[in-house]
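Enquirer: Need a 3D model of the following:
(chains A, B, C and D)
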Protein chains: 2
Amino acid sequence: MDERATRIRIADVAREAGVSKTAVSFAFNSPGRLRPETATRILEIAELLGYRPNPVARMLTQRRTMTIGVVTPKPLSISFSNPYFGAFAEGVALAAEQSGYGLHFISPLHGSLARAVDRATVDGVVAIGLHGSHPEVEELQKGGLPFVLVDSSALPDLPSVDVDDEGGARAAADHLVDLGHREFLVVGVEPPSSDRGIDPGSVTACRLRGYRTGLASAGIELGDDRVVLGPATVDAGFAAFVRAWSTGIRPTAVLAMSDAMAIGALRAVREQGLRVPADVSVVGFDDIDLAPHIDPPLTTIHQPVRRKGEEAVRLLLASVSRRDRGRTAHLRLGARLIIRSTTGPAPRPARRSKQAG
Amino acid sequence: MDERATRIRIADVAREAGVSKTAVSFAFNSPGRLRPETATRILEIAELLGYRPNPVARMLTQRRTMTIGVVTPKPLSISFSNPYFGAFAEGVALAAEQSGYGLHFISPLHGSLARAVDRATVDGVVAIGLHGSHPEVEELQKGGLPFVLVDSSALPDLPSVDVDDEGGARAAADHLVDLGHREFLVVGVEPPSSDRGIDPGSVTACRLRGYRTGLASAGIELGDDRVVLGPATVDAGFAAFVRAWSTGIRPTAVLAMSDAMAIGALRAVREQGLRVPADVSVVGFDDIDLAPHIDPPLTTIHQPVRRKGEEAVRLLLASVSRRDRGRTAHLRLGARLIIRSTTGPAPRPARRSKQAG
DNA sequence: ACGTTTTCATAAACCGGTTTGCTAAACCGG
DNA sequence: CCGGTTTAGCAAACCGGTTTATGAAAACGT
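Expert: Residues are numbered from 1 along each chain as shown, chains lettered A, B, ... in the order given. Take a look at the predicted model:
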């Protein structure tokens, strides 16, 4: 009838078995402290009654939740739309599962990240893409929860895991320069809050620096009009290229800060009647799983996303268990160029603007 | 110094403010019950002390967690590797966020799903890909937690959301038959536990039925050797085709039960020196976001994955709040063929085994 | 001036478990 | 038969909040 009426509590089992709550608790958690027959009988009765210990109550006494949080400053519905995030989650999940931890995803609640984190029952948190300039970082830090930052080393007193974004970006630029390109367009990932410009510690800023260094070594300067930003999605990549094109920019090479955007740009390039890589070369960033299967296979900067997730969890658990002995680790992983088929020699400056050949 | 030493409790705030715990609690939750100045003063002191209410304790008294669980019978690290799952999570996250719920991902703990669910602090769960034949379904049902099933209608007394898999599959088969194909290979998703064969309610079984119906209408029968199974990954799709090929099967059309597998098969086909779609046609299932960008753009069966996630959460929340008044809803969404570039007319039976004329 | 209602705040019970003494009985060697 | 150690199980305290019942003081009505 009224199945869900009242959930069986430990006291119900105790009464039914004619023992104390303590005994029931022991039967489940340290059966050795009970006479074998007693333990079995209690367990049987518990099973019969369909008793399941309330996990919240257990958490309260044990003062740990065996759960870690993954914090994103953007709504999850947006984060999950980037394949990069999925791969990151994969790494996090792997490490968490190995250690017997559950996974809780946390995104802003009613607009506030801090509030969402406060409400979450986790032992610690891995925050991805949280910049130093985020309005709530201070608030979050005061929460006193163990924290690990991913893709942001902005807060030196918090452990972090990131990638050599600048080096990777530079490799991309170098590659294109080597191929003879001179006209560039950067399709960048928009940092969350564009209040005071781009946070210099942000991934976007690092990659931009890398691009610039690479180009500078060939004497090329990147004008501000050559940098177009948007969210890390296929559509935004498409839009970014179209926007630049419509302002008269005619790049032979596109440097995209995410594969998703690169794919969008790719399509935009083609819709202008141009061929990839004959007319325009494109290099992405991330090397998502499907990059080799894209049309055409995407040249990109590979970064070890899964490993990022794993390492972040490892650092976090070390911090939770105090194994880190108060040390704050900053891990930087490598990024490397993977050449596939979206890059090729710069086209001869043929019918460009005024004709020439 | 000893930052994390002892977290501030409500009693500390009360003492410091010279009021009772009750007053502090009121200050946070129903300030109207306190004289305005008192409330403000308490709040100020709480802020000063850096007090944050312990969410676990709060959950315990309120008897709800404001969190919903997403259950997968496979390790999360595997689930997340399928883009399909990411999109599903997107839908779930969207609906959950809208209602102010958090998201907890649950996968088997030490090999047991039931244990993992028992340990999770959630108000209800959405289970994806959990088959009726799963060894722990009974155990899970007894947990008494509100449940919604996705991609499985095996348990009629539990609400469910799924897709017209059979119809979708049939559309795929019809399409290929119309193009003149007669030699087929099915690349299927392996159901979790292959104990007693394939669960007839499983997605795999439904799609297989759909394929068979479509083919049968053209008088084609699908031998068991024409069905190869594997996990829903690119690599498994690749391996599946290779395996079939090595046993002498020479299909002109491949029906894949997931886009990831289709992409793998695509690559395998090409590595045999065959062209897609000139020599071999391939149709996938799911229509992942990147399907149009695959090389070549993937013909596939579209299913509304995000919507699946949203509807599942909607159903779940209705059940949690008893708004469903005990009704068990079964939602079935549509699937439709999207023709892109991996399918084309069957090649003329040229050098095919025996010739036929 | 006195009974009644309202306002503001509190003490104590409660949520559902775990853990810490503590006791009574059984066991043990001499 | 006795003191000492184990064994088996219990009552009560505790985790950190919320909620209910209650009461003192202030405001109100007449």
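Enquirer: Surely residue A:104 is in a strand?
Expert: Yes - under DSSP: H, G, I helix; E, B strand; the rest coil, residue A:104 sits within a strand.
Enquirer: Distance check, it against residue B:65.
Expert: Taking CB to CB, to the nearest Å as the measure, residue A:104 falls 10 Å from residue B:65. Using the backbone N, CA and C atoms, a C-beta is placed for each residue, glycine as well.
Enquirer: any shared contact partners between these two?
Expert: Residues touching both residue A:104 and residue B:65 (CB atoms under 8 Å, 6 or more residues apart in numbering or on different chains) are A:121, B:102.
Enquirer: so what's residue A:181 closest to, chain neighbours aside?
Expert: Spatial nearest neighbour of residue A:181, chain neighbours left out: residue A:253 (3.9 Å); criterion: CB to CB, 6 or more residues apart in numbering or on different chains.
Enquirer: meant to ask about residue A:78
Expert: Closest to residue A:78 by CB to CB, 6+ apart is residue A:231, at 7.4 Å.
Enquirer: For the closest residue to DNA strand C within the stretch 101-250 of chain A, which non-adjacent residue is spatially closest?
Expert: Closest residue of the stretch 101-250 of chain A to DNA strand C, CB to the nearest atom of the strand: residue A:121 (13.6 Å). Closest residue in space to residue A:121, ignoring its immediate chain neighbours: residue A:65 at 4.7 Å, by CB to CB, 6+ apart.
Enquirer: Whether the helix or strand bottoming out on mean pLDDT in chain A contacts DNA strand D - can you check?
Expert: Least confident helix or strand of chain A, by mean pLDDT, DSSP states H and E, is helix A:137-142 with a mean of 89. No - with CB under 7 Å from any atom of the strand as the criterion, DNA strand D is not reached by helix A:137-142; the gap is at least 14.5 Å.
Enquirer: Mind giving me the packing neighbours of that helix?
Expert: helix A:113-119 (3 or more CB pairs under 8 Å, 6 or more residues apart in numbering or on different chains; DSSP states H and E).
Enquirer: and residue A:282, that one's in a helix?
Expert: No - Residue A:282: not assigned to a helix; according to three-state DSSP it is strand.
Enquirer: isn't it right next to residue A:267, touching?
Expert: No - judged on CB atoms under 8 Å, residue A:282 makes no contact with residue A:267 at a distance of 10.2 Å.
Enquirer: More neighbours: those two, which one.
Expert: The neighbour comparison of residue A:282 against residue A:267 (other CB atoms under 10 Å in any protein chain shown) goes to residue A:282, with 29 against 19.
Enquirer: ok, so what distance separates that one from DNA strand C?
Expert: Going from residue A:282 to DNA strand C by CB to the nearest atom of the strand, to the nearest Å gives 56 Å.
Enquirer: For that residue, give the beta-bridge partners.
Expert: On the basis of DSSP bridges, residue A:282 is bridged to residue A:254.
Enquirer: quick one: the helices in the stretch 101-250 of chain A?
Expert: A:113-119, A:137-142, A:165-178, A:203-216, A:234-246 (DSSP state H, counting those that start in this stretch).
Enquirer: ok, residues contacting the first one?
Expert: The one in question is helix A:113-119. Contacts of helix A:113-119 (CB under 8 Å, 6+ apart): A:69, A:71, A:73, A:106-109, A:125, A:130, A:134, A:136, A:139-140, A:143, A:145, B:52-53, B:55, B:66, B:102.
Enquirer: Name only those of these that count as buried.
Expert: A:69, A:71, A:73, A:106-109, A:125, A:130, A:134, A:136, A:140, A:145, B:52-53, B:55, B:66, B:102 (16 or more other CB atoms under 10 Å in any protein chain shown).
Enquirer: ok, back up a step: tally of neighbours for the residue nearest to residue A:181?
Expert: Residue A:253: 26 neighbours (other CB under 10 Å).
Enquirer: Return the residues in contact with it.
Expert: A:176, A:179, A:181, A:183-185, A:280-283, A:343, A:346.
Enquirer: Try it again at 10 Å.
Expert: A:172-173, A:175-177, A:179-186, A:215, A:277, A:280-283, A:343-344, A:346 (CB atoms under 10 Å, 6 or more residues apart in numbering or on different chains).
Enquirer: so which of the buried ones among the contacts of helix A:113-119 also contact DNA strand C?
Expert: Within the buried ones among the contacts of helix A:113-119, nothing lies near DNA strand C by CB under 7 Å from any atom of the strand.
Enquirer: Quick one: name the residues of the stretch 201-350 of chain A near chain B.
Expert: By CB under 10 Å from any CB of the partner chain, the residues of the stretch 201-350 of chain A that approach chain B are A:233-235, A:259-260, A:263-264, A:266-267, A:288-298, A:306, A:309-310, A:319, A:322, A:341.
Enquirer: what residues does chain A put near DNA strand D?
Expert: A:18-23, A:33-35, A:38, A:57, A:60-61, A:63.
Enquirer: and if we set it to 6 Å?
Expert: Within chain A, the positions near DNA strand D by CB under 6 Å from any atom of the strand are A:19-23, A:33-35, A:38, A:60-61.
Enquirer: Pull out the buried residues from those residues.
Expert: For the residues of chain A next to DNA strand D, buried by 16+ other CB under 10 Å: A:19, A:23, A:34, A:38, A:60.
Enquirer: For those, could you give me CSV that also reports secondary structure and pLDDT?
Expert: Compiled in CSV, these are given as follows (DSSP: H, G, I helix; E, B strand; the rest coil; pLDDT from 0 to 100):
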residue, secondary structure, pLDDT
A:19, coil, 96
A:23, helix, 97
A:34, coil, 94
A:38, helix, 94
A:60, helix, 97
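Enquirer: Quickly check the residues you listed for the two that are furthest apart.
Expert: A:38 and A:60 (26.5 Å; CB to CB).
Enquirer: Residue A:290 reaches residue A:284, doesn't it?
Expert: No - using CB atoms under 10 Å, residue A:290 makes no contact with residue A:284, being 11.1 Å away.
Enquirer: Mind listing the shared neighbours of the two?
Expert: Common neighbours of residue A:290 and residue A:284 (CB under 10 Å, 6+ apart) are A:259, A:263, A:298.
Enquirer: ok, of those residues, which one's closest to chain B?
Expert: residue A:263 (5.1 Å; CB to the nearest CB).
Enquirer: Over to the closest one. Which of the three states is it?
Expert: Once three-state DSSP is applied, residue A:263 turns out helix.
Enquirer: Help me confirm that it comes into contact with residue A:254.
Expert: No - applying CB under 10 Å as the test, residue A:263 and residue A:254 come out as separate, 11.2 Å apart.
Enquirer: overlap in contacts of those two?
Expert: Contacts common to residue A:263 and residue A:254, judged by CB under 10 Å, 6+ apart, are A:237, A:282, A:284, A:342.
Enquirer: Among the residues you listed, which one lies nearest to residue B:163?
Expert: residue A:237 (29.3 Å).
Enquirer: ok so, going back, look at the residue of the stretch 101-250 of chain A closest to DNA strand C and say how many residues are nearby.
Expert: 26.
Enquirer: Which of the residues of the stretch 201-350 of chain A next to chain B fall within helices?
Expert: Using DSSP state H, the subset of those located in helices is A:234-235, A:259-260, A:263-264, A:266-267, A:306, A:309-310, A:319.
Enquirer: mind checking pLDDT for residue A:354?
Expert: For residue A:354, the model assigns a pLDDT of 44.
Enquirer: Hmm, residue A:82 and the residue nearest to residue A:78 touching each other?
Expert: Yes - with contact defined as CB under 10 Å, residue A:231 reaches residue A:82; the gap is 8.6 Å.
Enquirer: So for those two, which residues contact both of them?
Expert: A:74, A:189, A:258, A:260-261.
Enquirer: a markdown table please, covering those and showing neighbour count and pLDDT.
Expert: What follows is those, written out as a markdown table (neighbours: other CB atoms under 10 Å in any protein chain shown; pLDDT from 0 to 100):
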| residue | neighbour count | pLDDT |
| --- | --- | --- |
| A:74 | 19 | 92 |
| A:189 | 25 | 94 |
| A:258 | 28 | 97 |
| A:260 | 28 | 97 |
| A:261 | 33 | 98 |
